[in-house]
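Peer 1: no sequence on this one, just coordinates:
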């Protein structure tokens, strides 16, 4: 392939951006797995205890490897500058992540409302509530980057820098 797509030199801007924001295939699966593990640990702990805080912070650990989890401080250093396609995909990913997060919160609130009447466990101690709140906070922070990892296509092998 020549590197030109419809008269646009893809490699001209993309090669420099890959050095600043490397993409790794394992990051998307690590983020998704960490979210699932954190939610599962919070659900399995139930009313008997609180989820281990390490497991609750697991999505926050993997978010540091994602180039889509950059804040405005990184833009000053040139590491959070996205092209128009990445920017549009990042906006769509953020909107879907917030919709998913709102759905998750609604599901948990409905569980808290119906659980006592059905005899299901409900958090009652402060550490149980803290475990749930920390888990939900870290998941809410990491969901936009997780969705962006899946929505922004990975670079083609011939476009990757050596």
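Peer 2: Looks like it came in fine. Since the structure is predicted, the reported quantities are computational estimates derived from the model, not experimental observations. Numbering: from 1, shown residues only.

Peer 1: what pLDDT, on average, does stretch 131-138 get?
Peer 2: Average pLDDT, stretch 131-138: 88.

Peer 1: please disregard the earlier target; I meant stretch 100-117.
Peer 2: 92.

Peer 1: all strands of this protein, in order?
Peer 2: Using DSSP state E, the strands found in the chain span residues 4-5, 8-9.

Peer 1: where in this structure is pLDDT low?
Peer 2: For the chain, the stretches flagged by pLDDT under 70 are 1-23, 46-51, 70-82, 155-162.

Peer 1: now with 50, please.
Peer 2: 1-5, 8-9, 12-13, 15, 162 (pLDDT under 50).

Peer 1: ok, for residue 152, nearest residue in space, not its chain neighbours?
Peer 2: residue 89 (4.6 Å; Cβ to Cβ, 6 or more residues apart in numbering). (Glycine included, C-beta is placed from N, CA and C.)

Peer 1: give the contact list for that neighbour.
Peer 2: Residue 89 sits next to 148, 151-152 when contact means Cβ atoms under 8 Å, 6 or more residues apart in numbering.

Peer 1: nearest to residue 112 among those residues?
Peer 2: residue 148 (30.1 Å; Cβ to Cβ).

Peer 1: so the closest one sits against residue 94, correct?
Peer 2: Yes - at 7.5 Å, residue 148 counts as touching residue 94 under the criterion of Cβ atoms under 8 Å.

Peer 1: compare the two (neighbour count), which wins?
Peer 2: residue 148 (25 against 17; other Cβ atoms under 10 Å).

Peer 1: mind checking how far that one is from residue 85?
Peer 2: According to Cβ to Cβ, to the nearest Å, residue 148 and residue 85 sit 12 Å apart.

Peer 1: repeat that for residue 142.
Peer 2: Residue 142 is 23 Å from residue 85, by Cβ to Cβ.

Peer 1: tell me which of the two has more neighbours.
Peer 2: Taking other Cβ under 10 Å, residue 142 and residue 85 do not tie; residue 142 has more neighbours (24 against 10).

Peer 1: would you mind listing the buried residues in the biggest helix by length in the chain?
Peer 2: For the chain, the helix reaching the highest residue count under DSSP state H is reported as helix 84-118. Neighbour-count burial for helix 84-118, counted by 16 or more other Cβ atoms under 10 Å, picks out 86, 89-90, 93-94, 96-97, 100-101, 104.

Peer 1: swap in stretch 25-43?
Peer 2: 27-28, 30-32, 34-35, 38-39, 41-42.
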